[in-house]
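In: Predicted model, plus sequence, below.
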Amino acid sequence: MTEPKRITKAVFPVAGLGTRFLPATKSVPKEIMTLVDRPLIQYAIEEAREAGIEEFIFVTSRGKSALEDYFDESPILEASLKAKGKLDALEALKETNMPSGQIAYIRQHQARGLGHAVWCARRLISPDESFAVILPDDVISAETSCLKQMVDAHQEIGGSMVAAMEVPSKETSSYGILDVNEDMGSLVSVKGMVEKPAAEKAPSNLAVIGRYILTPEVLKNLEKTEEGSGGEIQLTDAIAREIVEGRGVYGYRFQGERFDCGSKAGFLQATVAFALERADLRDELRLFLHERMAMEQAAE
C-alpha cells in the first residue's frame, strides 16, 4: 500500500451569515467573534498549523472583509505597540499574520450548503491530493489537536475521514450519523452516512462533527451531487458516494472536548471552559461562578 501524501491544504467554509448571533453579526463576521481573547477563526488556524497545514483556503461571502483584514499585517498598530514597549501584545499580534501566498479567499456567491462551499475551492486543490476541511464553529479543546490526530491516522490508512463523537440517542436528529461497518477503536470503517435521522432510525450514535480529510474524488462527486432540501448540496452525500464506489471512508473518534460555537449556549460554554484553563483568569472566574450559583440557589 502506497503511503498517502501529507495533508498540506485546508478549506475553511466561512460564508455563513451567522443569523443565530444577530444583531452582533450584522456587522461582525461570526468567525471573528471572540472566545476569551481570540476570535473563533484563530482557534481553527492554530489547530490546522499544528496538523502541518501550510495553505489555507477560505470560502467567504460578501461582508467578510473583517475576516480577511484579521490575517493581514497592521504596520501602524505594530509600530505603536513596539514604541510603547508592549512586546507581549506585539508577539500575540504577529501570530495572526499570514505570509503572502499562504492564504487564499474564494467567494461562494450563493448559499447552497457545505458541499457547495467545499466545491468552490476545487481549483485550488490538485487532482492528486487529499485535503482537510475545518468548520470553525466546532471548537475542540484537546492536548493534541483533533486535526493532527486525524492527519496521523490518515497517514496510516488513507481514504476519506470524518471526525466522530458519540452523542445521546435523542440528539441524532441534529447530526450526520455514521453507519458503522467495523469498529476498530479510534477508527471505524463506514458503510453509510445518514443525515439527521430520528433516534429510532439512527444506525449508531456516532455523529460527524466539523473536521474532515477528503480525497480529490469527493470534489468530483460534488459535481454530480443533486441539491437536497432548501437547494443545498450536502457534503455527506458526496462522501457517501465514495463508499458506493468502493473507496475507504472512516470515522475517527478524536480525543478532546468539542464545543458547538454555532449556538449561543455552546459559545458561552466554550468561553467558560477556555477561560477556566487560563492561569490568569481561572481564579477570579471560578470565584464569580461559585458566588453566582450560591446566589441562585439561595433565591430558589
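Out: Received the coordinates, thanks. All of these numbers come straight from a predicted model, not from anything done at the bench.

In: so where do the strands sit in the chain?
Out: Counting by DSSP state E, the chain has these strands, from start to end: 9-13, 34-35, 38-39, 55-60, 103-107, 131-134, 138-141, 160-166, 176-183, 187-195, 206-214, 249-253, 257-260.

In: Turn those strands into a markdown table, columns for distance to Arg278, mean pLDDT and mean neighbour count.
Out: All C-beta atoms are positioned from the backbone trio N, CA, C, and that covers glycine. A markdown table is the format used below for the strands of the chain (distance: least, C-beta to C-beta, whole Å; pLDDT from 0 to 100; neighbours: other C-beta atoms under 10 Å):
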| stretch | distance to Arg278 | mean pLDDT | mean neighbour count |
| --- | --- | --- | --- |
| strand 9-13 | 25 | 95 | 25 |
| strand 34-35 | 12 | 91 | 15 |
| strand 38-39 | 11 | 90 | 18 |
| strand 55-60 | 26 | 92 | 22 |
| strand 103-107 | 28 | 87 | 15 |
| strand 131-134 | 23 | 97 | 25 |
| strand 138-141 | 12 | 95 | 21 |
| strand 160-166 | 25 | 94 | 22 |
| strand 176-183 | 33 | 90 | 18 |
| strand 187-195 | 33 | 89 | 19 |
| strand 206-214 | 24 | 94 | 24 |
| strand 249-253 | 28 | 95 | 22 |
| strand 257-260 | 15 | 95 | 18 |
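
In: Out of these, which is closest to Ala83?
Out: strand 38-39 (24.1 Å; C-beta to C-beta).

In: elements contacting the closest one?
Out: Judged by 3 or more C-beta pairs under 8 Å, 6 or more residues apart in numbering; DSSP states H and E, strand 38-39 is in contact with no other helix or strand.

In: ok now that strand, how far from the chain's centre?
Out: In terms of C-alpha atoms, centre = their mean, to the nearest Å, the centre of strand 38-39 is set 14 Å apart from its chain centre.

In: Tell me how far Val162 lies from Phe274.
Out: From Val162 across to Phe274, the span is 24 Å (C-beta to C-beta, to the nearest Å).

In: can you check Gln297 too?
Out: 25 Å.

In: swap in Lys9?
Out: Lys9 is 27 Å from Phe274, where distance means C-beta to C-beta.

In: Could you do Cys261 as well?
Out: Taking C-beta to C-beta, one finds Cys261 at 10 Å from Phe274.

In: same deal with Ala202?
Out: Taken as C-beta to C-beta, the span from Ala202 to Phe274 is 31 Å.

In: Between those two, which is the more surrounded one?
Out: Ala202 (21 against 18; other C-beta atoms under 10 Å).

In: residues in contact with the more buried one?
Out: Residues in contact with Ala202 (C-beta atoms under 8 Å, 6 or more residues apart in numbering) are Ser169, Thr172, Ile177, Val194.

In: what's the closest non-adjacent residue to Val249?
Out: Excluding the flanking residues, the one nearest Val249 by C-beta to C-beta, 6 or more residues apart in numbering is Val190, at 4.5 Å.

In: where along the chain do the helices fall?
Out: For the chain, the helices defined by DSSP state H cover 40-50, 65-70, 75-83, 87-94, 114-119, 146-157, 216-224, 235-244, 264-276, 282-299.

In: Would you mind putting the ones you listed into CSV with mean pLDDT alongside?
Out: Listed next are these as CSV, based on pLDDT from 0 to 100:
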stretch, mean pLDDT
helix 40-50, 94
helix 65-70, 80
helix 75-83, 84
helix 87-94, 80
helix 114-119, 90
helix 146-157, 94
helix 216-224, 89
helix 235-244, 89
helix 264-276, 95
helix 282-299, 91
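
In: looking at the ones you listed, which is closest to Gly101?
Out: For Gly101, the closest of the helices of the chain is helix 65-70, at 14.7 Å, according to C-beta to C-beta.

In: Just give me how far that closest one sits from the chain centre.
Out: Distance, stretch centre to chain centre, for helix 65-70: 18 Å (C-alpha atoms, centre = their mean).

In: Going by neighbour count, which residues in it are buried?
Out: For helix 65-70, a neighbour-count test (16 or more other C-beta atoms under 10 Å) marks Leu67, Tyr70 as buried.

In: of all the strands of the chain, which lies closest to Glu78?
Out: strand 38-39 (17.6 Å).

In: partner strands of the closest one, parallel or antiparallel?
Out: Strand 38-39 pairs in its sheet with strand 34-35 (antiparallel), by DSSP bridges.

In: next one: the partner strand to chain centre, how far?
Out: Averaging C-alpha positions (C-alpha atoms, centre = their mean) puts strand 34-35 15 Å from its chain's average.

In: No further questions, thank you.
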